[in-house]
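Participant: Give me coordinates for this.
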Amino acid sequence: MQATILIVDDEKHTRDGLRRLLEDQYDVYVASDSASALDVLERDQIDVLLTDLRLGGDDGMQLIERALKKSRPPICVMMTAYGSVDTAVEAMKRGAYDFVTKPLNLDKVEMLIARALGSRRMEQENRTLRQQVDERFGLENVIGEAPALREVLDTIRQVAPSSANVLIDGESGTGKELAAHGIHNLSRRSKAKFVTVHCAALSPTLLESELFGHERGAFTGAHERRIGRFEQANGGTIFLDEIGEIDQSTQVKLLRVISEERAFERVGGNQLLRADVRLIAATNKDLAKLVKDGKFRDDLYFRLNVVHVTMPPLRDRKEDIPLLVRGFLRHFRKQNEKPLLELTADAMNTLLNYDWPGNVRELRTAIEHGVVMANGPKITLRELPLSVRQGAAGNLPSGFMPSKGWGEKSSPLDLHETERRLIMQALATTRGNITAAAKKLGISRRTLHRKINEMNAEKETEQHDGTGSPILPDSSVDG
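Facilitator: Reported below is the predicted structural model:
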């Protein structure tokens with residue numbers, strides 16, 4: 001679809017000359033005064049408004065101001081005589097893209113419009129990309145309602161607007177990078193860059209070059225100057241994943257750049273550079289133990305660990321598995337152009353009973369495997385990865401079998417009722433032993449206490465209505 005251009009000038013030969021110049025490349029509209037131009041702007045979507053400053057008795061500046069108030073304003077370019085350049089500059093301060101002087105240089109006009117439309121396309125692409133990033137990494141896509149996860153999300157929302165460094169730890173696959181993106185997206189630096197460095201993937205020499213850059217000839221293969229990640233992230237956020245893997249020499253240089261000095265030098269250079277960067281680090285190791293063992297600098301640890309966030313493993317928030325499954329089902333069903341899918345009861349019970357050493361990342365892979373392998377509307381045990389089936393075998397409470405499948409068709413009421421039945425079965429098989437039941441369900445004892453109390457309250461309400469069944473064992477029962 002061709003871009004649209006509105007030419008506004010009270011001189012007919014100027015309008016006609018510009019139309020002939022541009023109509024081979026664009027859909028061109030013309031108007032001789034502000035009233036006619038406003039009619040066009042209301043009726044059609046205009047991409048570029050090219051208007052004279054003087055329109056007989058009208059003012060081109062006012063026309064530009066009116067055009068810029070539209071929900072999707074055009075790119076505004078002013079035409080003016082040499083003596084009115086100051087006025088054209090004022091128009092740019094108020095939102096105009098640029099100006100050209102009369103008599104017009106037609107080549108310059110053509111290049112200016114092409115550049116303006118290119119700039120508009122780039123802005124639109126950047127907005128689309130930012131939206132895609134937000135959809136992928138925004139906190140709204142961190143799925144779960146478990147108390148352990150809610151506590152983490154509350155911490156992220158609290159710390160994000162600050163300038164504090166954040167240390168995120170947790171097992172692989174728990175979503176540390178997702179949390180880091182969430183902190184950046186909710187911060188005042190969200191419009192600047194988010195730069196990621198995977199420290200474990202690089203040797204010490206390459207990591208130093210990656211972080212701080214290098215000068216030409218700094219080492220074999222350094223054929224040209226390289227700008228490091230800290231320079232790239234200036235004004236934004238740098239995320240150092242697996243920070244526990246960096247060597248002592250790089251730790252010293254990293255300490256310098258995140259201190260008050262914020263200074264560093266490129267490898268092979270002696271120019272002192274500075275970068276205004278917020279640092280978020282992640283690790284699946286115990287950094288405090290590495291400090292104690294002399295493998296990680298304590299001063300760097302304290303600089304990184306201003307705010308500490310621990311991502312909970314999936315086995316500690318198994319109540320979130322049905323929600324995660326529904327989200328992954330929707331994503332992979334659309335990606336693979338599959339019809340509506342749901343899990344059979346056996347398949348979901350297996351997912352609930354598995355300990356997920358690979359955490360959410362492993363669950364995501366398991367659901368993708370199931371979607372790809374499914375031949376009908378249901379994902380059965382056979383479509384789940386063998387490692388998941390074998391790992392979960394024999395651990396479910398005996399005799400439990402939900403009556404409905406789990407997936408996109410499951411309602412919150414179905415999930416709640418199945419969870420209640422699963423808890424009751426676990427309590428029955430352990431004779432009311434809270435600790436043993438929690439272990440069998442794969443959740444913490446505190447979580448099980450809370451759920452039993454909630455269910456007791458529901459049953460008391462039902463008994464007052466005359467519809468209740470016996471209340472669950474009191475949450476104080478333990479062994």
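Participant: okay, CA-based contacts and neighbour counts for the rest of this
Facilitator: OK.
Participant: quick one: the closest residue to residue 223 other than its chain neighbours from residue 268, how far?
Facilitator: Distance criterion C-alpha to C-alpha, 6 or more residues apart in numbering; nearest residue to residue 223, sequence neighbours excluded, is residue 216 at 5.4 Å. The gap separating residue 216 from residue 268 is 8 Å, by C-alpha to C-alpha, to the nearest Å.
Participant: Pull the contacting residues for the residue nearest to residue 223.
Facilitator: Shown in contact with residue 216 (C-alpha atoms under 8 Å, 6 or more residues apart in numbering): 222-226, 268.
Participant: Output these as TSV; include the columns secondary structure, pLDDT and distance to residue 203.
Facilitator: Shown next, in TSV, are these (DSSP: H, G, I helix; E, B strand; the rest coil; pLDDT from 0 to 100; distance: C-alpha to C-alpha, whole Å):
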residue	secondary structure	pLDDT	distance to residue 203
222	coil	77	15
223	coil	79	19
224	coil	82	20
225	coil	82	19
226	strand	85	17
268	coil	89	17
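Participant: Would you write a ChimeraX line that selects the buried entries of those?
Facilitator: The ChimeraX selection below is limited to those of those classed as buried (16 or more other C-alpha atoms under 10 Å):
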select :225,226,268
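Participant: closest to residue 452 among the contacts of residue 216?
Facilitator: residue 226 (59.0 Å; C-alpha to C-alpha).
Participant: pretty sure that closest one contacts residue 214?
Facilitator: Yes: the pair residue 226 / residue 214 is scored as a contact, 5.2 Å apart, by C-alpha atoms under 8 Å.
Participant: ok, and for stretch 188-206, which residues are buried?
Facilitator: 189-190, 193-197, 199, 204.
Participant: mind listing which of the residues you listed are in strands?
Facilitator: 194-197 (DSSP state E).
Participant: Tabulate these (a markdown table), appending distance to residue 35.
Facilitator: Conversion of these to a markdown table gives the following (distance: C-alpha to C-alpha, whole Å):
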| residue | distance to residue 35 |
| --- | --- |
| 194 | 46 |
| 195 | 49 |
| 196 | 52 |
| 197 | 56 |
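Participant: possible to save these as CSV with pLDDT?
Facilitator: As requested, those are arranged in CSV below (pLDDT from 0 to 100):
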residue, pLDDT
194, 93
195, 93
196, 94
197, 93
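Participant: sorry, back to before: roughly how far apart are the residue nearest to residue 223 and residue 273?
Facilitator: 16 Å.
Participant: contacting residues around the residue lying closest to residue 59 once chain neighbours are set aside?
Facilitator: Nearest residue to residue 59 in three dimensions, chain neighbours excluded: residue 53, at 6.1 Å (C-alpha to C-alpha, 6+ apart). By C-alpha under 8 Å, 6+ apart, the residues touching residue 53 are 59-61, 78-80, 88.
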